[in-house]
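A.B. asks: quick check, what structure comes out for this input:
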Amino acid sequence: MAGHLREKIRVTGHITESRGYFHMKLSWTDHTMKRCRLSKSTELPIKGNRKRAEDMLRKFRKEHETFVNNIEVKPEPEDMLFADFMEMWLEVIRPKVKLTTFGGYQQNVNRAIAPYFRMKGIYLRKLTAEDVEKFYAEQMKQVTGMTVSKYHANISSALKYAVLKGYVPQSVMGRVERPKIVKFVGKHLKASETIKLFEAVKGHKLELGVIFGAFYGLRRSEIVGLRWESFNFEANTFTIEHTVTVAKVDGITKIVPSNTTKTKSSLRSLPLVPAIRDMLLKLKQEQEHNRKLCGKAYNKADIGYVYVDTLGYRIKPDYLSCVFPAFLESNGIKRVRFHDLRHSCASLLLANGISLKQIQEWLGHSDFSITANLYAHLDFESKHEAAAAMKWFGETSLAKGEGFSQHPFVSSECETVTDTDPNDSAKALPDFINQLFASGVPWDLIQAWLAQVDITAVGSLNDSFTSFAAEKMTLRPSSKKAKKSLDVRIMMQ
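C.D. replies: Numbering: from 1, shown residues only. Model (predicted):
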């Protein structure tokens, strides 16, 4: 494509300062004589980082100049293979998304999408819904439905761009069936297993990661990204505001520090409990002692990070994921992933009576439905003793095996509390779900409803759920022992 350009486009750039950080500004004129500009934060604080910012600008300017010269001329869609188009789309989105996000997209295209469609010799203009579905079917033999759904998202986004640029008249993805995803349920440790883990990990390099993973439910990137400046030892709080992730881009694995979190809700403050506060203050003193003791051998680049080794090198994110399972096995503890400590935190909070809404805020989930989908089933497991104490339940028809009533989720109480203004529906959702649980509604039905409903557009949560459930349920006579009752069976799509 570069061979069709009439002359090379020159990209210029400079550094600016804004809100305490350096930003890179690029500008260039395309072949239509349109003036173009691009701005991107270096995420480097102004103090002491001028040279690093200028180095980043030189690299960014050079990469973007190559990028605009390679894709500036509109390709001829009749002559373009779909595989080539997907690779071109990658370069279009490269400067627009996070490095970690781009790394995942690049892996999807280069490892699966482009090789398959290149082998088939399918052109962009000739691509059909059937071609895409055959690709999904082939991939489902090798990877999970979740992975194929990511391919679906990439192809959909790329074809939207193709329509926008006029390469194709319309996208075929509207006629493509989305891959089915089998829900993954993470494991979690019981309280006794967590206590055993805390005792076993004392003094180990994993200790800090385990404590913040199991007690606070922090993600791996949040743990490695903890900095001393985020802790307020006077107010006994700390803030999750910096992350360290891993991205594989252009075949090179990169560690990516960022002053951003996974979502806006992930930016949160948590209380610092006395035992962990004391441990951190002791750790801080040890790090200062090591820095003096090691002198020039001590790594200055990672000063300020909490999770470092004795020589001051920040712990790598992959270390936690790779070493943790083997550590569990060697100490006779149930094997789980490091991320499952986050699930363990949620289950232990539930077991101690903490509501799902509070857990959403503690874990930093962007939406309540995420917390409900992941952990609501644990709410029942953690309350068996409370259920056993409800002796009156043994006298109900349900306990005697006579089945649910026709609409166990519709009651006068439910209608009174849950009929809400459209603007209040999102706020009322947690209470509404708790009412559904109390009414005996199966979690699978609630989960299916959450997956398809737009809460912000719902006037009445009760009416929406009742309508949805009526479409999902079929009724048939119950056993001979309870001829007059109805056995409600959930028919999931």
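
A.B. asks: helix/strand/coil for Thr239?
C.D. replies: Here Thr239 takes the strand state, with states given by DSSP: H, G, I helix; E, B strand; the rest coil.

A.B. asks: next: Gln142.
C.D. replies: Applying three-state DSSP: Gln142 is coil.

A.B. asks: that one: how many residues sit nearby?
C.D. replies: Applying other Cβ atoms under 10 Å, we find 9 residues neighbouring Gln142. To be clear about C-beta, it is placed using only N, CA and C from the backbone, and glycine gets the same treatment.

A.B. asks: cool, and Cys294?
C.D. replies: Per other Cβ under 10 Å, the neighbour tally for Cys294 reads 13.

A.B. asks: read off the pLDDT value for the residue lying closest to it once chain neighbours are set aside.
C.D. replies: Counting by Cβ to Cβ, 6 or more residues apart in numbering, Leu311 is the residue found nearest to Cys294 once chain neighbours are left out, at 6.1 Å. pLDDT for Leu311: 93.

A.B. asks: mind listing what's buried in stretch 317-336?
C.D. replies: Across stretch 317-336, burial judged by 16 or more other Cβ atoms under 10 Å covers Pro317, Tyr319, Leu320, Phe324, Phe327, Leu328, Ile333, Val336.

A.B. asks: stretch 56-65 too?
C.D. replies: For stretch 56-65, the neighbour count (16+ other Cβ under 10 Å) marks Met56, Leu57, Phe60, Arg61, His64, Glu65 as buried.

A.B. asks: so how far is it from its chain's centroid?
C.D. replies: Offset of stretch 56-65 from its chain centre (Cα atoms, centre = their mean, to the nearest Å): 29 Å.

A.B. asks: average pLDDT across it?
C.D. replies: On average, the pLDDT along stretch 56-65 is 88.

A.B. asks: what sits up against it?
C.D. replies: Residues from elsewhere that reach stretch 56-65 (Cβ atoms under 8 Å, 6 or more residues apart in numbering): 9-15, 24, 26, 28, 38, 40, 42, 44, 95.

A.B. asks: tell me, how many neighbours does the residue nearest to Cys294 end up with?
C.D. replies: Using other Cβ under 10 Å, Leu311 has 12 other residues around it.

A.B. asks: verify the stated contact: Phe327 with Leu206.
C.D. replies: Yes: between Phe327 and Leu206 a contact is recorded at 6.0 Å, counting by Cβ atoms under 8 Å.

A.B. asks: leaving out the residues flanking it, which one is nearest to Leu328?
C.D. replies: Using Cβ to Cβ, 6+ apart and skipping the chain neighbours, the partner closest in space to Leu328 is Arg335 (5.3 Å).

A.B. asks: would you map the strands across the stretch 251-400 of the chain?
C.D. replies: Counting by DSSP state E, counting those that start in this stretch, residue ranges of the strands within the stretch 251-400 of the chain are 252-258, 268-271.

A.B. asks: list the buried ones in the shortest one?
C.D. replies: Okay, so that is strand 268-271. For strand 268-271, using 16+ other Cβ under 10 Å, the buried residues are Arg268, Leu270.

A.B. asks: partners of it in the sheet?
C.D. replies: With DSSP bridges as the test, strand 268-271 is paired with strand 237-240 (antiparallel).

A.B. asks: chain center to whatever helix or strand comes next after the partner strand, what's the gap?
C.D. replies: Counting by DSSP states H and E, the element after strand 237-240 in chain order, helix or strand, is strand 243-249. How far strand 243-249 lies from its chain's middle: 14 Å, per Cα atoms, centre = their mean.

A.B. asks: residues in contact with strand 243-249?
C.D. replies: 99-100, 102-103, 106-107, 219, 221-222, 224-225, 253-258, 260-262, 314, 316-318.

A.B. asks: recalculate using a threshold of 7 Å.
C.D. replies: Here strand 243-249 makes contact (Cβ atoms under 7 Å, 6 or more residues apart in numbering) with 99-100, 102-103, 106-107, 221-222, 224-225, 253-258, 260-261, 314, 317-318.

A.B. asks: inside helices: which ones of those?
C.D. replies: Members of those lying in helices (criterion: DSSP state H): Leu99, Thr100, Phe102, Gly103, Gln106, Gln107, Ser221, Glu222, Val224, Pro317, Asp318.

A.B. asks: show me where the stretch 251-400 of the chain has helices.
C.D. replies: 274-294, 317-330, 340-351, 356-363, 368-381, 384-389 (DSSP state H, counting those that start in this stretch).

A.B. asks: mind checking those for the one nearest to Asp84?
C.D. replies: Smallest distance to Asp84 across these (Cβ to Cβ): 33.0 Å, for helix 317-330.

A.B. asks: other SSEs contacting that closest one?
C.D. replies: helix 220-224, strand 243-249 (3 or more Cβ pairs under 7 Å, 6 or more residues apart in numbering; DSSP states H and E).

A.B. asks: winner for burial among those?
C.D. replies: Ranked by mean neighbour count, these are led by helix 220-224 with a mean of 25 (mean count of other Cβ atoms under 10 Å).

A.B. asks: got the contact list for the helix or strand that comes right after it?
C.D. replies: Next in sequence after helix 220-224, counting helices and strands by DSSP H and E, comes strand 231-232. Residues from elsewhere that reach strand 231-232 (Cβ under 7 Å, 6+ apart): Phe238, Leu272, Leu280.

A.B. asks: quick one: which of those is most hemmed in?
C.D. replies: The most crowded member of those, judged by other Cβ under 10 Å, is Phe238 (25 neighbours).

A.B. asks: pLDDT score for the spatially closest residue to that residue that is not a sequence neighbour?
C.D. replies: Spatial nearest neighbour of Phe238, excluding adjacent residues (Cβ to Cβ, 6+ apart): Phe231 at 4.5 Å. Phe231 carries a pLDDT value of 93.

A.B. asks: and for Ile490?
C.D. replies: Looking at Ile490, its pLDDT is 30.

A.B. asks: try the one 3 residues further on
C.D. replies: Listed pLDDT for Gln493 reads 31.
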